[in-house]
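> Build the 3D model from these lines:
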Amino acid sequence: MLMDAAIAWAHKENYDQVRLVQSPSHIRSLVLYTKSGFTLREPLFLMEDQPLKKRGNNTCSANVHLVSDDNDISACNELCKSVYGFSREMELRQVKDQGVATMIER
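You can find the predicted model right below:
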């Protein structure tokens, strides 16, 4: 009922999409979301580490900056397509607009 209410609210607010992120290890919730009309698009993993600039004894030089223009978006998206076989341009543009997309070039 809660999921149905959330989807109904999104439609009422004129959202054209609802994106759901869930842990891939919770099969029961995956079944619930599938019954609610969601389809699996891609696995999502959260990986954390210290930023390159804060690591000790790092011999790798890197240019770290916020994604700022379409050239950065294109470069990141081309890398994603070449490695994973699909585009993430929409997600890249969203996090760029939020000011949190960070690009690390080595």
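
> element containing the residue nearest the centre of the chain?
In the chain, the residue lying closest to the centroid (CA atoms, centre = their mean) is Glu91, at 5.6 Å. Under the criterion of DSSP states H and E, Glu91 resides in helix 89-98.

> still on that earlier bit, what separation is there between the residue nearest to the centre of the chain and Ala101?
Remark: distance between Glu91 and Ala101 (CB to CB, to the nearest Å) = 9 Å. C-beta here means a position set from N, CA and C on the backbone, and glycine is covered the same way.

> likewise Lys12?
30 Å.

> just checking, what packs against the longest helix along the chain?
Counting by DSSP state H, the longest helix found in the chain is helix 70-84. Packing partners of helix 70-84 (3 or more CB pairs under 8 Å, 6 or more residues apart in numbering; DSSP states H and E): helix 89-98, strand 102-105.

> buried stuff in it?
Across helix 70-84, burial judged by 16 or more other CB atoms under 10 Å covers 72-73, 76-77, 80.

> between these, which is closest to Leu20?
Of all the buried residues of helix 70-84, Cys80 has the smallest distance to Leu20: 20.5 Å, by CB to CB.
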